[in-house]
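Colleague: Show me the folded form of this:
(2 chains)
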Amino acid sequence: MTPFRDDPGAEMRELFFETSQELLQSLNDDALKLERSPQDGEVVRSIRRTMHTLKGDAAACGFKELSELAHKLEDALAEGSAADAGALVQLSLSAADIFSAMLVAYRKRTTLPDTTAIKQMVSKLASGPRATRSKRKATTSKNSGVMWTEGERKSAGAAKADGKSIFHVVAYLDQLCAMPIAARQMVASQLASIAQVIAARPDEQSATHAKKFDFLIATSAAESTVNSNCVIPTVISHAECFPHGVEAAASADIARGGAKFPVPTEKSGVAPETAGPTSVAENILRVGTERIDNVLNLVGELIIAKSMMQQSMQEFTRRYPKDPLRARFSDAMAFQSRVLNDLQRSVMKIRMVPVEQLFRRFPRIVHDTAKSCAKQVKIIIRGQDTDVDKSLLDAIAEPLTHIVRNAISHGIENPRERELAGKDPTGTVQLDAYHQANQLIVEIKDDGKGIDPVKLKAKAVKENVISAADAERMSTEEAFDLIYRPGFSTAEQITEISGRGVGLDVVRNVLMRMKGTIEIDTTPGQGTTFRLKLPLTLAIIQALMFRIEHRLYAIPLNAVAEIARAQESDLHRVDTTEVLQLRNRVLPLVRVGQRRNSELEPRRDKIFILVLNLGERKLGLVVDALEGEEELVIKALDDHTVSTDLVSSASILGDGRVVLIMNLAAVIERFTRSGTDVSNSGSLPRATDGAAPEVRQ
Amino acid sequence: MSTETAAGHDFHIVGFQVGRETYGVPIAALHEIVRVPEITAVPDAPEFVEGVINLRGKIVSVIDLRKRLGEKKITATRRNRILVVEHKGRLSGLIVDSASEVLKIPAADVEASPKVLHESELNCVTGLGKYKGRLIMLLDVSRLLDVSIRLRKSAVVEGKAENARAAAAK
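Modeller: Numbering: from 1, shown residues only, chains lettered A, B, ... in the order given. Purely as a prediction, here's the structure:
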């Protein structure tokens, strides 16, 4: 935003960048709709409207190339509306792509993408149907796309019936004229003196700086009179006048029209639709996220203050159990905490956006991917209304795209294979989002061939990811874990879309960063479901607090599957990893802290094992004592002096203590990295000086 | 508080003790002085990084200046204080044995630090002040913290190298 701060148009451009995204989205949507129902003229009109709005907005912001291209496309669509729908779909989709590329280029101020390809498409589309179009329609559109509305045409018809001749006058503005709006006024009054002006383009309200004006007039005067009346020295260089409904000198006109600045057309005719986005904007406030975050931070402080007060209150109650003030205090505090809860929820809601903002991109992605894989896929979207934190939504966009592409290129079979398997030749990808407890669940479900663990293992052995012996021992879940390995792909051939093996590992990393998990549910022959589980918000978490070597830590509660009590003597060593047998399952354990060399120190008898859910895997974290559960307001711990990847952030408890929130992903990563040699504690968190932190007064 | 006197420029110094020595930092560099609250230790931190504290809702990292300055004997007493300083827009705490006095040292009584100090890691001593027969080492806090961060980074890099070696050895 900062690069053109002083530029008065900067704000407008910013707004354009935002609104244009919506326009491109609707362009995509419409194109796909058109593909489904090629005869729907309304969709074509909608596409044209989008182009039109884009054109006008771009011109207003000074993005000439974009505006011109949109103008061309709008024209092409007007003529080709009855043409081959498939070509139109293709044109619209490529247009959306090229526009978005152009927008990026404008934004980053880099060179614009090449638009020759799309221009060729336009001219191809335009040359086909033009010959067969009716004369009248061709004329109107050739006159630089000026379209008269139904009402205007009617009044023209009425005037004609009165015996007057109808002319379409095009007055070209002199290049030296400094006052285009005044010029229009002058031409209009000139014409009014000899004729009745039925319509004018641009119309009176428009402030657009056009280079030419179109008028529809009804007059009893001759053509030459009209023409000479229009020319005003130094204002209007020349004017053309031709009877309405008769084709003009097409080639000359196109040459001019093409080189001229685009003129907004059809302004009044489609006013309600084009006005849509702007009128909605009136009761929508665009606020920078940092402002909302600021408010959220303050709410966070309030929550800390609340727990401080609650703690003091408890103390007070203990000391003066009979004091009458006590009841009044606790009433006030109950009230305060209720308001605070509402406040927190409302602020969080500001950051929430419906998941639809993300999901609506997917029909296009599915369409493209399916096409390039020569598969037939339809997409079902559900749960669009589910609210999600904006930052979360942005973060999962990429992983989700990846999984969907994967589902189409790997999961769903060719139409032939599907028919042989007795399935509908058109595969289905289903996106769903819903809330469950404190989590957002996003499901990506396909009805493809599913993932075969045996095949997976075989491939992994072949690619030297694991040894044959390992594969033998691997459980099904562990086998599924293989797909997250970097560089691993089950695709037989590498395609542009997927199969490079860069993917699911990245997906998982993103999710871990967001403190979420990913699960796979697959049935061979029936399909695969990927389930992303994410915390609803990143700012406030429900946390479980515990102590390891007298140090207080917290982890997100939703990562904990269960808590088990154990004795040190229950733990066993397998290879070099400590394990615990928990209801017939062997649970590998992780220890954080120094007492990993447990032989050296006296063993504490009673310990707790937090069973952590990490996607498909389960791990036990050995902790000394549990401290309870609390709502924590996350504070960044980005101080260089203390930064470590083991701790993701910190929080302040009601009594003023600081609690560190453990970064489970990093802890586990260290565990698996040094997992073969647990006693080598060099890379593991060590206590400062070995001693428990001193408690000072 | 006027900084100009008839004798010329005065240094306004907050004096504090680390071990047997008295150090000083310019009063303007100091945000506040607080008692030592409960400190939450941070894993993976270098030895002189004590952890983080809650300073009225802000999380502030704390360095034990005694460890940082190589003091051998560290005792926790009620007189211990944390000097909170602002460094590059961020607050940091320094634990000292005690801090109680504000000293006004005339500029004439401040000498540049001996050259030998510049070469060691202790180059955060910018001058020596003489005050009523005592010698007060003037610290440049931002340099001290910069060095600490650098130490911390090199420790991390070493740790990583160690890990890599360990992995390679397998």
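Colleague: Show me what the longest helix along chain A is packed against.
Modeller: Ranked by residue count and defined by DSSP state H, the top helix of chain A is helix A:289-319. The contact analysis (3 or more C-beta pairs under 8 Å, 6 or more residues apart in numbering or on different chains; DSSP states H and E) places helix A:289-319 against helix A:325-351, strand A:625-633. All C-beta atoms are positioned from the backbone trio N, CA, C, and that covers glycine.
Colleague: doesn't A:L646 make contact with B:D44?
Modeller: Yes: counting by C-beta atoms under 8 Å, A:L646 is a contact partner of B:D44 at 5.6 Å.
Colleague: what residues does the stretch 301-450 of chain A put near chain B?
Modeller: Residues of the stretch 301-450 of chain A lying near chain B by C-beta under 8 Å from any C-beta of the partner chain: A:E301, A:I304.
Colleague: So, low pLDDT: which residues of the stretch 301-450 of chain A?
Modeller: Applying pLDDT under 70 to the stretch 301-450 of chain A flags the ranges A:437-438.
Colleague: In it, what residue comes closest to chain B?
Modeller: A:E301 (5.4 Å; C-beta to the nearest C-beta).
Colleague: the strands in chain B, which residues?
Modeller: Under the criterion DSSP state E, chain B contains strands at B:4-5, B:8-18, B:21-26, B:30-35, B:49-55, B:58-64, B:81-87, B:90-96, B:98-106, B:110-112, B:125-131, B:134-139.
Colleague: quick one: buried residues of the second one?
Modeller: What it means is strand B:8-18. Neighbour-count burial for strand B:8-18 flags B:D10, B:F11, B:I13, B:V14, B:G15, B:F16, B:Q17, B:V18 (criterion: 16 or more other C-beta atoms under 10 Å in any protein chain shown).
Colleague: For chain A, give me its nearest residue in chain B.
Modeller: For chain B, C-beta to the nearest C-beta, closest residue to chain A: B:P43, 3.3 Å.
Colleague: Backbone torsions only: list them for that residue.
Modeller: B:P43 adopts backbone torsions of phi -70, psi 160, taken as degrees, to the nearest 10.
Colleague: burial measure for it, as a count.
Modeller: 23 (other C-beta atoms under 10 Å in any protein chain shown).
Colleague: The longest helix of chain A versus strand B:49-55: what angle between them?
Modeller: With axes from the mean of the first three to the mean of the last three C-alpha atoms, to 10 degrees applied, the angle from helix A:289-319 to strand B:49-55 works out at 80 degrees.
Colleague: and the angle from helix A:289-319 to helix A:325-351?
Modeller: Using the same axes, to 10 degrees: helix A:289-319 against helix A:325-351 is 160 degrees.
Colleague: now the angle from helix A:289-319 to strand B:58-64?
Modeller: 80 degrees.
Colleague: buried residues in helix A:289-319?
Modeller: Those would be A:296, A:299-304, A:306-310, A:316, for helix A:289-319 by 16+ other C-beta under 10 Å.
Colleague: returning to what we had before: now distance to A:R382 and mean neighbour count too, for the helices and strands packed on helix A:289-319, in TSV please.
Modeller: Listed next are the helices and strands packed on helix A:289-319 as TSV, based on distance: least, C-beta to C-beta, whole Å; neighbours: other C-beta atoms under 10 Å in any protein chain shown:
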stretch	distance to A:R382	mean neighbour count
helix A:325-351	22	13
strand A:625-633	31	16
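Colleague: that older thread, in CSV, list the buried residues of helix A:289-319 along with distance to A:R107.
Modeller: Listed next are the buried residues of helix A:289-319 as CSV, based on distance: C-beta to C-beta, whole Å:
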residue, distance to A:R107
A:L296, 28
A:V299, 33
A:G300, 33
A:E301, 36
A:L302, 38
A:I303, 38
A:I304, 39
A:K306, 43
A:S307, 44
A:M308, 46
A:M309, 48
A:Q310, 49
A:F316, 58
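Colleague: With respect to B:G129, which of those residues is nearest?
Modeller: A:E301 (40.2 Å; C-beta to C-beta).
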